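Colleague: okay, predicted coordinates and the sequence, questions at the end:
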Amino acid sequence: MIYLSNEKSNQKLPKHYVSIGRRYEKYGDVLGDLGRVVKELGPIDDKTSQLIQLAASAAIRSEGGVHSHARRAIDLGASSDEIYQTILLLTSTIGFPNVAAAISWIDDLLED
């Protein structure tokens, strides 16, 4: 069954994600296992993995993804400086407007 909460951060998963997993149980099972399996394939540590996923979320302008992966990275010991640098490093790749949007989403998270 799809994970109903994130084991490491104790954050609840988005309702829509859980709903899809319940409606399509086999799909939910595969989706829930995918992240775990990919992480086990190589030497990248969990914090770095979350920073990479944070960068990808910013690149596709996923506010929820930026919040989720920034929160998870912080839970794994990332500093706010590491979070912001992850985004700033993307400027020449995704452009300043996208970086500015991601920074505002991180500001929302860190100000809470």
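Modeller: Nice, I can see it. Note that this is a predicted model, so its numbers are computed, not measured.

Colleague: any weak-confidence spans in the chain?
Modeller: 1-11, 112 (pLDDT under 70).

Colleague: residue contacts, the most centrally placed residue in it?
Modeller: The residue lying closest to the centre of the chain (CA atoms, centre = their mean) is His69, at 2.4 Å. When contacts are counted by CB atoms under 8 Å, 6 or more residues apart in numbering, His69 is found next to Gln50, Leu51, Gln53, Leu54, Ser57. The way it works is simple: take the backbone N, C-alpha and C, and place the C-beta from them, glycine included.

Colleague: mind listing what's buried along the helix or strand hosting Tyr84?
Modeller: Per DSSP states H and E: Tyr84 is located in helix 80-88. Within helix 80-88, the residues scored as buried using 16 or more other CB atoms under 10 Å are Glu82, Ile83, Tyr84, Thr86, Ile87.

Colleague: and the angle for the host helix or strand of Pro97 with helix 80-88?
Modeller: According to DSSP H and E, Pro97 maps onto helix 96-111. Put simply, helix 96-111 runs at 160 degrees to helix 80-88, going by axes from the mean of the first three to the mean of the last three CA atoms, to 10 degrees.

Colleague: how far off centre is helix 96-111?
Modeller: Between the centre of helix 96-111 and the centre of its chain there are 14 Å (CA atoms, centre = their mean, to the nearest Å).

Colleague: from Tyr27, how far out is the residue nearest to the centre of the chain?
Modeller: His69 sits at a distance of 22 Å from Tyr27 (criterion: CB to CB, to the nearest Å).

Colleague: how about Leu88?
Modeller: For Leu88, the distance to Tyr27 (CB to CB) stands at 36 Å.

Colleague: same question, Val66
Modeller: Distance from Val66 to Tyr27, counting by CB to CB: 25 Å.

Colleague: between the two, which one's more packed in?
Modeller: Shown here are Val66 and Tyr27; by other CB atoms under 10 Å, Val66 has more neighbours (28 against 12).
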